[in-house]
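I would like to see how this sequence folds:
(chains A and B)
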Amino acid sequence: MSEQTPTAKRAAQGILARARWHPLEFVFWIVAFSVIWLLPNKHLILTEIAWLALFALSLDLILGYAGILSLGHAAFFGVGSYAAALLAKHGIITEPVLALIAAGLIAAVVGFATSFLMLRGADLTRLMVSLGIALVLRELANKFSELTGGADGLQGVTMEPILGRFRFDMFGHNGFIYSLVVLFVLFLIARRLMASPFGLSLLAVKDNPLRSRAIGISVDARLVAIYTIAAFYAGVGGGLLAQTTAFSSLDVFSFDRSADLLLVLIIGGTGYLYGGLIGAVIFKVMQDYLAQLTPQYWPFWIGLVLVILVMVGRDRMLRWTEPVRALANRLDWRAKGQAS
Amino acid sequence: MTVVLQTTHLVKQFGGLTATDDVSIQFEAGARHALIGPNGAGKTTLINLLTGMLKPTSGRIVLNGVDITDASPQKRVRLGMVRTFQINQLFPDLTPLETIGLAISESRGDGADFWRVAGTKPGLNQEIADIIDRFRLADVMNTRTSILPYGKQRLLEIAVAIACRPKVLLLDEPAAGVPDEERHEILSSIAALPKDVTVVLIEHDMDIVFSFSEKISVLVNGGLFTEGPAAEVARDPRVKAVYLGESLDA
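Purely as a prediction, here's the structure:
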C-alpha cells in the first residue's frame, strides 16, 4: 500500500467512528443475556419486551434512519404474526426458526409492495397511507375468517420444538431465550447495515433528499430497500409473538399497536438503534408496574411521561447521564487519540 | 471545441410565468463559462432544468451526446453533471468526512454497499483526504455539519460536488454570503479545478465573473439575451444597460 497522508489516517479513523462498539453496548447485551438466569420467573414479560424491542427496532430503521413516519407499522407485525401462526397450524413449516424467517419474508413482500405508496408526499401523507394500509389488512384478516379465525383469533396452533430440540415450555423459558437470540442476531445485522455506505446514505436521504439526488443517490430505491427490510423485522417480531403464545388475533393489526410503538420509540429515542430496545424495556416495565398500581389508569402515566419527555427534551435529560457516559468513555481504550 | 452540454429551445413555464424562454445554449468541453443576468432572469431555473430538479415544459437537453431531458437527477450525476446550490444543501447530521465519503462512494458505484463497513474500501480514505485537504476542511472533518461555521459549510458545499468527480460542474453563486476574507479560499478552489472539467458559473459579483470566465452568456427575462467572449460582453453597452437598470431598481 502506498504512503497515506496524515489527513487520510485521521479520515480512516473518523469514518469508522459510527461502526465502533461503545463499552456501554457490551454492558447492555451482557445485562440482557444475564436476565435469563437473574430473572427466571419474569420470562413471560421479558419475552414481550423482546418482540416489542424488535418491532421498535424495525420502526427505528425507517423513522430514525430514513425519516419515514408511520402510524401503521402494525401492518407488517400482523402479517408476520398470522404467517407464523398459519405456517405452524397447517404444518407447512413446522420448525420455528425457518417458519419465523418465512414469516419475516412474507411481511417483507407486503412491505416492498406498499413501499411505493410511501415514497410520495410529506409526513402527514405517509402517516395516513401507513394508517390506511394497516386498517385494510386488519379488515382483510377479519373478512377471511375461515383462514384467520376472524374476531375469535387463530386457535389451535401447536408449536414444534425450536431446532427440533427446545420445546416452548409453559413458563416461557425457552421462548424468552429464543426471542432474545433472534433480537440479538437481527440487531447485529441492523447495526452492520447502518454502518455501511447504504446506512450512511439513508441518513443523508433523511437529512436532505434534494442534495442526496444531487450527489447521485437513488433516493427512491434506498427508501424502498429500507422499508422492505423494516417490514421483515416487524414481521419477525409479530412471528415471535405468535410462536411464543401459539395464537394470533386481529389486534396484531390494531391502530393502538402502531401508536404504542411510536411511543416506545419516542421514549427510547430514534436513530441510534438502541432507542427501540430501551424504550421497549421502559414501556413494558412501566405498563406492568403501573397496571398493578392503578389497573385502569396506567395509560395516564404513560401519557404524562410522554409529555414530560417532549417538553423537557431528551437532550436535556441525557445530560443527567453525562457522568456515566464520561466514565464509559474513559474506559474505552480504543477512544484514545481520537479526541477530535 | 466539442460541445459537452447543450439545450435546444428549452422552455419552462410556471402557470402563466415563463421562467425559461426558448433557451438554446451550448457549453464546450473544458470551458469556463459564466451565466449572468439580473435577479429573476431565470439563471437558477436553468440550472434546475439542466440538473433535472425541474422538468422542462418543452425543449431538449443533451449531455455528451445523450439526451437527458427525461433522466432523473441522480442519473445525470452519474453521467458526470454535478451542481452546487445557491443556498447550502448539506447533511446536517453527517460530518464533512462522511459527506465527502458518501459522494465519492456514489461516484465509484459502491454507494449502495450494505454489508461493508463504511470507510473500509482501499484507497477511499486517501481520496477523501485529498479533497478535505484541498478545501481546508481537515480541522473540522469530524464535526457535525450543522455546527460548522458558514464559510466552512460553503467550502463543503463545493467540495461535495467535486467529490462526485464531475465532467460538467454547475456552480450556483459559490461565493454567496461568504465574507471577503474567506472568499479567496472558495475562489482559489474553483480556480484549481482540473482543466478538462467544464465549469458553468452563475454569479452576481462581476469581479469574480471577469476573473474566472472565458465566455459569458447573459440571461434576461428567461431568454438568452446575448453571449460571447468575456471581454466582448464586458464592453457591450446593452449588457451594461441591463445591469444598470437593475441596480437602479434595487
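
tally up the residues packed near A:L117, please.
Each residue near A:L117 was counted by other CB atoms under 10 Å in any protein chain shown, and the total is 15. Backbone N, C-alpha and C define where each C-beta goes, glycine included.

can you give me the buried ones in the helix or strand hosting B:E232?
Using DSSP states H and E, the element containing B:E232 is helix B:230-235. Burial within helix B:230-235, assessed by neighbour count using 16 or more other CB atoms under 10 Å in any protein chain shown, is assigned to B:230, B:233.

quick one: contacts of it?
B:34, B:209-210, B:213-216, B:218, B:226-227, B:239 (CB atoms under 8 Å, 6 or more residues apart in numbering or on different chains).

tell me which of those residues is nearest to chain A?
Proximity of the contacts of helix B:230-235 to chain A (CB to the nearest CB) peaks at B:A34, which lies at 20.9 Å.

now the helices for the stretch 101-250 of chain A?
Along the stretch 101-250 of chain A, the segments classed as helices by DSSP state H, counting those that start in this stretch run A:123-143, A:145-148, A:173-194, A:197-207, A:209-214, A:219-245.

any chance of CSV for those, columns mean pLDDT and mean neighbour count?
Formatted as CSV, those follow (pLDDT from 0 to 100; neighbours: other CB atoms under 10 Å in any protein chain shown):
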stretch, mean pLDDT, mean neighbour count
helix A:123-143, 94, 17
helix A:145-148, 90, 14
helix A:173-194, 97, 20
helix A:197-207, 96, 25
helix A:209-214, 95, 21
helix A:219-245, 97, 26
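
A:Y272 is nearest to which of these?
helix A:173-194 (9.2 Å; CB to CB).

that closest one packs against which elements?
Where contact means 3 or more CB pairs under 8 Å, 6 or more residues apart in numbering or on different chains; DSSP states H and E, helix A:173-194 is packed against helix A:23-38, helix A:43-63, helix A:219-245.

JSON lines please, covering the ones you listed and showing distance to B:L155.
Putting those into JSON lines (distance: least, CB to CB, whole Å) gives the following:
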{"stretch": "helix A:23-38", "distance to B:L155": "35"}
{"stretch": "helix A:43-63", "distance to B:L155": "32"}
{"stretch": "helix A:219-245", "distance to B:L155": "25"}
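
which ones among the contacts of helix B:230-235 come in contact with chain A?
With the criterion set as CB under 8 Å from any CB of the partner chain, no member of the contacts of helix B:230-235 is near chain A.

restricted to strands, list the residues you listed.
Among these, the members falling in strands (DSSP state E) are B:34, B:215-216, B:218, B:226-227.

which of the residues you listed are buried?
Buried among the ones in strands among the contacts of helix B:230-235 (16+ other CB under 10 Å): B:34, B:215-216, B:218, B:227.

pull the most distant pair out of those residues.
Between any two of these, the greatest separation by CB to CB is 11.0 Å, found for B:K215 and B:V218.

quick check: mean pLDDT of stretch B:175-193?
For stretch B:175-193, mean pLDDT rounds to 83.

where does pLDDT dip in chain B?
The model of chain B has pLDDT under 70 over residues B:1, B:244-250.

spell out which residues make up each domain of it.
Annotated domains of chain B cover B:1-80+B:166-250, B:91-164 [automatic domain parsing].

for those, which one ends up most surrounded?
Of the domains of chain B, the one with the most neighbours on average (mean count of other CB atoms under 10 Å in any protein chain shown) is domain B:91-164, at a mean of 20.

any part of it near chain A?
Yes: using CB under 8 Å from any CB, domain B:91-164 reaches chain A at B:91-95, B:97-99, B:101-103, B:105-107, B:110-120, B:122, B:125-126, B:128-130, B:132-133, B:138, B:141-142, B:160-161, B:163-164.

so what would you say the end-to-end distance of that domain is?
Distance across domain B:91-164, first residue to last, is 15 Å (CA to CA, to the nearest Å).

ok, now stretch A:284-301?
Start and end residues of stretch A:284-301 are separated by 13 Å (CA to CA).

pull out the buried positions in it.
Under the neighbour-count criterion of 16+ other CB under 10 Å, stretch A:284-301 has A:284, A:287, A:290, A:298, A:301 buried.

turn these into CSV, columns for secondary structure, distance to A:G149 and pLDDT.
Formatted as CSV, these follow (DSSP: H, G, I helix; E, B strand; the rest coil; distance: CB to CB, whole Å; pLDDT from 0 to 100):
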residue, secondary structure, distance to A:G149, pLDDT
A:K284, helix, 26, 93
A:Q287, helix, 26, 88
A:L290, helix, 31, 85
A:W298, helix, 29, 78
A:W301, helix, 34, 81
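
out of these, which touch chain B?
Among these, no residue is within reach of chain B (CB under 8 Å from any CB).

closest one of those to chain B?
Of all the buried residues of stretch A:284-301, A:K284 has the smallest distance to chain B: 29.6 Å, by CB to the nearest CB.

do you have the strands of chain B handy? List them.
Taking DSSP E, the strands of chain B run over residues B:3-14, B:17-28, B:32-36, B:58-63, B:66-67, B:81-83, B:168-172, B:198-202, B:215-220, B:223-229.

ok, back up a step: now the helix holding B:E232: how far from the chain's centre is it?
Relative to the mean C-alpha coordinate of its chain, helix B:230-235 is positioned 22 Å out (CA atoms, centre = their mean, to the nearest Å).

same thing with stretch A:15-31?
Put simply, stretch A:15-31 sits 18 Å off its chain's centre (CA atoms, centre = their mean).

need the contact list for A:L87.
Here A:L87 is in contact with A:93-94, A:99, A:102-103 (criterion: CB under 8 Å, 6+ apart).

gap between it and chain B?
As for A:L87, its distance to chain B is 28 Å (criterion: CB to the nearest CB, to the nearest Å).

which helix or which strand is home to that residue?
helix A:74-89.

pLDDT at the closest residue to A:K284 other than its chain neighbours, what is it?
In space, and not counting its chain neighbours, A:K284 is closest to A:I49: 4.7 Å by CB to CB, 6 or more residues apart in numbering or on different chains. Listed pLDDT for A:I49 reads 97.

what about A:I49, neighbour count?
24.

does it really touch A:A280, like I thought?
Yes: here A:I49 lies in contact with A:A280, judged by CB atoms under 8 Å, at a distance of 5.2 Å.

which residues touch residue 83?
Here I'm looking at chain A. A:A83 touches A:102-103, A:106-107, A:235, A:238-239, counting by CB under 8 Å, 6+ apart.

meant chain B actually
A:214, B:47, B:50-51, B:161, B:169-172.

leaving out chain neighbours, which residue sits closest to it?
Leaving aside its sequence neighbours, B:R83 sits nearest to B:L170 (CB to CB, 6+ apart; 4.1 Å).

interface residues of the stretch 51-200 of chain A facing chain B?
Residues of the stretch 51-200 of chain A lying near chain B (CB under 8 Å from any CB): A:192-193, A:195-200.

between the two ends of stretch B:110-117, how far is it?
End-to-end distance for stretch B:110-117, by CA to CA: 12 Å.
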